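>>> I need the structure of the sequence given here:
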Amino acid sequence: MQWRTVYELSKDSSSVMQVQKATLETEDYGLLPDIALFGSLEWWNAVRDGRIPIHTTSGVITKVTENVRGAWPLCEINSGGVKALWRGRCLSSWTANMH
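Residues are numbered from 1 along each chain as shown. The predicted model follows:
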């Protein structure tokens, strides 16, 4: 079976900018910039050198459920018999092309 990458954070500049804006401009949203601002060059360097851990999910997407607003699909992924849930806006166009 040939695997297909369906999401790469490094290529999702729109979401990175939204998280950065929420981090810098709100108190209730965003990510704590303890090591570096999410998506910044310093942040990516921290990912590369291991200060920020990498988590990878691979498997077969078994179910895609759109939320009420239709902006953030929820994917169920079978990863070696373990079901994982992943939410990602990037899958909207990918799943539309799969039907």
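>>> only C-alpha atoms for contact and neighbour calcs from this point on.
Noted.
>>> doesn't Ala46 make contact with Leu37?
No. With contact taken as C-alpha atoms under 8 Å, Leu37 and Ala46 are classed as non-touching, separated by 10.5 Å.
>>> Those two - which one has more neighbours?
Leu37 (19 against 15; other C-alpha atoms under 10 Å).
>>> Leaving out sequence neighbours, find the closest residue to the more buried one.
In this structure, Leu37 finds its nearest non-sequential neighbour in Trp43, 6.1 Å apart by C-alpha to C-alpha, 6 or more residues apart in numbering.
>>> Contact partners for Val47?
Residues near Val47 by C-alpha atoms under 8 Å, 6 or more residues apart in numbering: 53-54.
>>> Mind pulling the model confidence for it?
The model reports Val47 with a pLDDT of 95.
>>> how far away is it from Val19?
17 Å (C-alpha to C-alpha, to the nearest Å).
>>> How is this protein divided into domains?
9-55, 56-99 (automatic domain parsing).
>>> Look at the nearest residue to Ser10 once chain neighbours are set aside and tell me its secondary structure.
The shortest distance from Ser10 to any non-neighbouring residue, by C-alpha to C-alpha, 6+ apart, is to Gly39 (7.7 Å). What DSSP: H, G, I helix; E, B strand; the rest coil gives for Gly39 is coil.
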